[in-house]
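Visitor: Okay, sequence plus prediction incoming.
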Amino acid sequence: MSRLLLPLLCIPLVACTPEPAPIGTEISEETAPTASVFDQPDQSCLDDTERGLVGQSVSVVSELGISSPDGIRILRPNDLFTEDYRPNRINIGLDRNDVVAQVWCG
């Protein structure tokens, strides 16, 4: 008897799930998710030089001699890295062309 009731109990759950957007659907400003304060990277340990790295080649990092007490971590797409937080560590995220896409502390 309980085996027959279980599938019937799942039907309302399936009916409430939202339908995903079709592949290739463009996201407009109205439908795009909004960023919150928690989505913004921490930049408290950066100076103007480090903030200005975005859009430049990774070779500029060594040319400028950027350093930090907790070190610098250069991350390429699909790199694995620890998620331990070091407030003075500078993280430099690169795109596929080794161009700086993001700089943040942690």
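Guide: Nice, thanks for sending it over.

Visitor: make it CA atoms for all contacts and neighbour counts henceforth
Guide: Fine.

Visitor: now this protein, which segments are flagged as low pLDDT?
Guide: Where the chain drops to pLDDT under 70, the residues are 1-40.

Visitor: quick one, strands of it?
Guide: Per DSSP state E, the chain carries strands over the ranges 72-75, 90-94, 100-105.

Visitor: ok, D98 - contacts?
Guide: With contact set as C-alpha atoms under 8 Å, 6 or more residues apart in numbering, D98 has these partners: 57-58, 76.

Visitor: one step back: tell me which of the strands of the chain lies nearest to T49.
Guide: Smallest distance to T49 across the strands of the chain (C-alpha to C-alpha): 10.9 Å, for strand 100-105.

Visitor: What lies in contact with that closest one?
Guide: Taking C-alpha under 8 Å, 6+ apart as the rule, strand 100-105 contacts 41-46, 50-51, 53-58, 86-95.

Visitor: Can you say which of the residues you listed are buried?
Guide: Neighbour counting by 16 or more other C-alpha atoms under 10 Å classes 43, 46, 50, 53-54, 58, 88-94 among these as buried.

Visitor: I'd like the residues you listed written out as CSV, with distance to I66 added.
Guide: CSV is the format used below for these (distance: C-alpha to C-alpha, whole Å):
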residue, distance to I66
Q43, 15
L46, 10
E50, 8
L53, 10
V54, 14
V58, 12
N88, 13
R89, 11
I90, 9
N91, 12
I92, 11
G93, 15
L94, 16
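
Visitor: quick one: R76 and L53, what's the gap?
Guide: Distance of R76 to L53, given as C-alpha to C-alpha, to the nearest Å: 15 Å.

Visitor: Next: Q43.
Guide: The value you get for Q43 to L53, if C-alpha to C-alpha is used, is 13 Å.

Visitor: same check, this time on R86
Guide: In this view, R86 and L53 are 20 Å apart by C-alpha to C-alpha.

Visitor: can you check P77 too?
Guide: Applying C-alpha to C-alpha to P77 and L53 gives a distance of 17 Å.

Visitor: again, but for N88
Guide: N88 is 17 Å from L53, where distance means C-alpha to C-alpha.

Visitor: Having no further points to raise, I will conclude here.
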